[in-house]
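Colleague: Fold the stuff below for me.
(chains A and B)
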Amino acid sequence: MTILSVFDIGLVVLLLGIGASTIAAREAFAAVIGFVVYGLLLSIAWVRLSAVDVALTEAAIGGGMTGMLMLGAVARLRVAKGSDTRASLPARVAAGVLSAIVAAGLAIAILSPPEAIPTLAPMVMENLAQSGLGNPVAGVLFVYRALDTLLEKVVLILALLGVWSLAPDNVWGGIPGLRVYARPDSTLTFLAQLLPPVGIVVAIYMCWVGAKEPGGAFQGGTVLAAMWLLVMIAGLTSVPSISQTWLRVLVVVGPVIFLAIGLAGMVLANAFLAYPSGYAKPLIVAVEVALTLSIGVALGLLAAGPPERVQQQ
Amino acid sequence: MNLVLDIFTVSAVSAGALFLLAGTVGLLRFPDPLTRLHALTKVDNLGLGLVVLGLLPQADGPFGALKLVSIWLLVQLSGAIVAQLIAGAVRQRGPHG
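Modeller: Modelled structure (predicted):
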C-alpha cells in the first residue's frame, strides 16, 4: 500500500466522519462549521481525483459562499429566537422516507456501474484544439455544453431575485441588510484595506488562466464577491441599494453578452451558441470576463441578503 | 546536491508537521478561547512556515517559490487578523457569548 492510498483512505474516513457529525450536530452553528470543513476536505478529495477546476469551485462556493449564507441564516434564526416548534411526526417521517429513497437511488447508481462507463472525454480531447482552449473543462463549459453554462448563470440571477423578493413592499429597492462592523482602527478595517488589491489580482488571474488551466469565471467571480463583501462589512464602502442601475446592469451583463454571442452564432456559424471558426477563443474569453463580473456582483448581493431599509435621500 | 536538498525538504516539512500537530493538540486541549488562539498561531506561523520553507527547493522555478511564499504570507495575514477579531469578540461578550 503506497503512502498516497493511506492518505486517500484517511481523507475518505475524515469526510464520512465530518459528514455524520454535521448531520448529528444539535446546534445549527456547529452544523454549519462542520459543513464548511466538509466542503474544504471535499475540495482536497477533488484535487486527488485530478479535478482541480471542481476543487476550486467546491472550496469557493461549497465551503466559502454557501457557508457564509448559512451562517447568515443561523444568525437570523438566533435573532428571531426560533420558537421551539419541531416538525410534526408525519412531516418528519415523510422527510426521512424521501431522503432514504434519494440515498438508495444514489447507492444503486454508484454500486452497480455499467460494464463500460460511457464517456465523451476522448472526443473532447481530440477536438479541443479547434477551440483554441487548453483546459478541457473550459472547452466543455463554453463549447460543447454552452447552453448548460448559460442557463446556470440565469439560475444565479433567479436565485438573487428570489432573495430580493423576500423584502417587504415598503423597502423594495432599498439597501440589503448586511451586518456592518464599522469600527475605525479595528483589524478588520486594516484587512479590508490590505487584502482587496491582492484579491482582485487573484480574481483576474483565475478568470484569465481559465482558458488553458484550471480556473475560470465562477472561481474568479467568487473571489471578487468575497473582496466586495469584505470592504462592505468593514464599512469602507456603503452597501448599495438594489435599485441602482449600475448594479442591475452588472448583474445581467455576463448572461446578456453570452446570449448575444450565442444568437450571433446563429447567423455567423449556423447554430445557436456556435462560434465562428478562428474566433472561438477571443469570444470565450470575452464571455468569461463579463461572467466573472456578473457572478461576483450576484454572489455578493446573495450574501448581502434581502433589502431591509430604504435609502435616505 | 539533490540529496542534500531532499534531506532539507524532508526534515523541514517534518518539523512543520510536528508544529501542526502540537498546535492541533493545543486547540483541542487548552481550556479557554484565548489560549486556544495562542495554540493556533503556532500552526499558521511555524507549522505552515516550515512546510513552505521545506518545499521551496522543490518549487517549480522562482515563480513557483514566490507563489508558495505568498500563500504563507496570506495565511499569516488572515490568521493574525482572525485571531484578533475572535479575541476582541471574546473580550466583549465573555468566553461563552
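
Colleague: C-alpha from now on. contacts and neighbour counts both.
Modeller: Noted.

Colleague: so where is chain B shaky, pLDDT-wise?
Modeller: B:1, B:95-97 (pLDDT under 70).

Colleague: which parts of it sit against chain A?
Modeller: B:78, B:81, B:84-85 (CA under 8 Å from any CA of the partner chain).

Colleague: Return the closest of those residues with respect to chain A.
Modeller: B:I81 (6.1 Å; CA to the nearest CA).

Colleague: show me the contacts for the nearest residue to that closest one once chain neighbours are set aside.
Modeller: Excluding the flanking residues, the one nearest B:I81 by CA to CA, 6 or more residues apart in numbering or on different chains is A:T187, at 6.1 Å. The contact partners of A:T187, by CA atoms under 8 Å, 6 or more residues apart in numbering or on different chains, come to B:81, B:84-85.

Colleague: Narrow those to just the buried residues.
Modeller: Burial by neighbour count, judged by 16 or more other CA atoms under 10 Å in any protein chain shown, picks out B:81, B:84 from the contacts of A:T187.

Colleague: which among the contacts of A:T187 gets closest to A:E27?
Modeller: Checking those against A:E27 with CA to CA, the nearest one is B:L85 at 22.4 Å.

Colleague: mind listing what's buried in the host helix or strand of that closest one?
Modeller: Following DSSP states H and E, one finds B:L85 within helix B:61-93. For helix B:61-93, burial by neighbour count (16+ other CA under 10 Å) applies to B:65, B:68-69, B:72-73, B:75-77, B:79-84, B:87, B:90.

Colleague: How about the residues of chain A by chain B?
Modeller: A:187-188, A:191.

Colleague: Would you pull up the residue in the stretch 101-250 of chain A closest to chain B?
Modeller: Counting by CA to the nearest CA, the stretch 101-250 of chain A gets nearest chain B through A:T187, at 6.1 Å.

Colleague: which phi and psi does that residue have?
Modeller: Taking degrees, to the nearest 10, you get phi -70, psi -30 for the backbone angles of A:T187.

Colleague: What's the separation between it and A:Y181?
Modeller: 11 Å (CA to CA, to the nearest Å).

Colleague: got it, and B:L50?
Modeller: 35 Å.

Colleague: got it, and A:R248?
Modeller: 26 Å.

Colleague: and what of A:A138?
Modeller: Distance from A:A138 to A:Y181, by CA to CA: 38 Å.

Colleague: neighbours around A:P306, how many?
Modeller: 26 (other CA atoms under 10 Å in any protein chain shown).

Colleague: Kindly apply the preceding question to A:F258 instead.
Modeller: Residue neighbour count, defined by other CA under 10 Å, stands at 25 for A:F258.

Colleague: got the contact list for the residue most central in space within chain B?
Modeller: Centre of chain B computed as the mean C-alpha position; nearest residue by CA atoms, centre = their mean is B:D44, 2.0 Å away. The contact partners of B:D44, taken as CA under 8 Å, 6+ apart, are B:75-76, B:79.

Colleague: Make JSON lines out of those and add distance to A:I242.
Modeller: Shown next, in JSON lines, are the contacts of B:D44 (distance: CA to CA, whole Å):
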{"residue": "B:V75", "distance to A:I242": "34"}
{"residue": "B:Q76", "distance to A:I242": "36"}
{"residue": "B:G79", "distance to A:I242": "33"}
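
Colleague: What ranges does chain A have for its strands?
Modeller: A:175-176, A:307-309 (DSSP state E).

Colleague: Out of those strands, flag the one nearest A:G39.
Modeller: Nearest to A:G39, of all these, is strand A:175-176, at 26.9 Å by CA to CA.

Colleague: to the chain's geometric centre, what's the distance from the closest one?
Modeller: With CA atoms, centre = their mean, to the nearest Å as the basis, strand A:175-176 stands 21 Å off its chain's centre.

Colleague: ok, now how distant is the residue nearest to the centre of chain B from B:A17?
Modeller: 11 Å.

Colleague: what do you get for A:F258?
Modeller: Counting by CA to CA, the gap from A:F258 to B:A17 is 47 Å.

Colleague: cool, and B:L53?
Modeller: From B:L53 across to B:A17, the span is 12 Å (CA to CA).

Colleague: Ok, A:A225 next?
Modeller: Using CA to CA, A:A225 is found at 33 Å from B:A17.

Colleague: got the contact list for stretch B:68-87?
Modeller: Around stretch B:68-87, the neighbours that count as contacts under CA under 8 Å, 6+ apart are A:187-188, A:191, B:33-34, B:37, B:41, B:44-45, B:48-49, B:52, B:56.

Colleague: Pull the contacting residues for residue 8.
Modeller: Went with chain A since none was named. Taking CA under 8 Å, 6+ apart, one finds A:45, A:48 in contact with A:D8.

Colleague: other chain: chain B
Modeller: B:F8 touches B:G54, counting by CA under 8 Å, 6+ apart.

Colleague: what does A:I44 give?
Modeller: A:A55.

Colleague: and the spatially closest residue to A:S243 that is not a sequence neighbour, what does it touch?
Modeller: Nearest non-adjacent residue to A:S243, counting by CA to CA, 6+ apart: A:G173, 4.6 Å away. Shown in contact with A:G173 (CA under 8 Å, 6+ apart): A:241-243, A:307, A:310.

Colleague: Among those, name the buried ones.
Modeller: A:241-242, A:307.

Colleague: check contacts around A:P176.
Modeller: A:239-242, A:301, A:304-309.

Colleague: Next one, pLDDT for it please.
Modeller: As predicted, A:P176 sits at a pLDDT of 87.

Colleague: Please identify which of B:L50 and A:Y181 sits among more neighbours.
Modeller: B:L50 (25 against 14).
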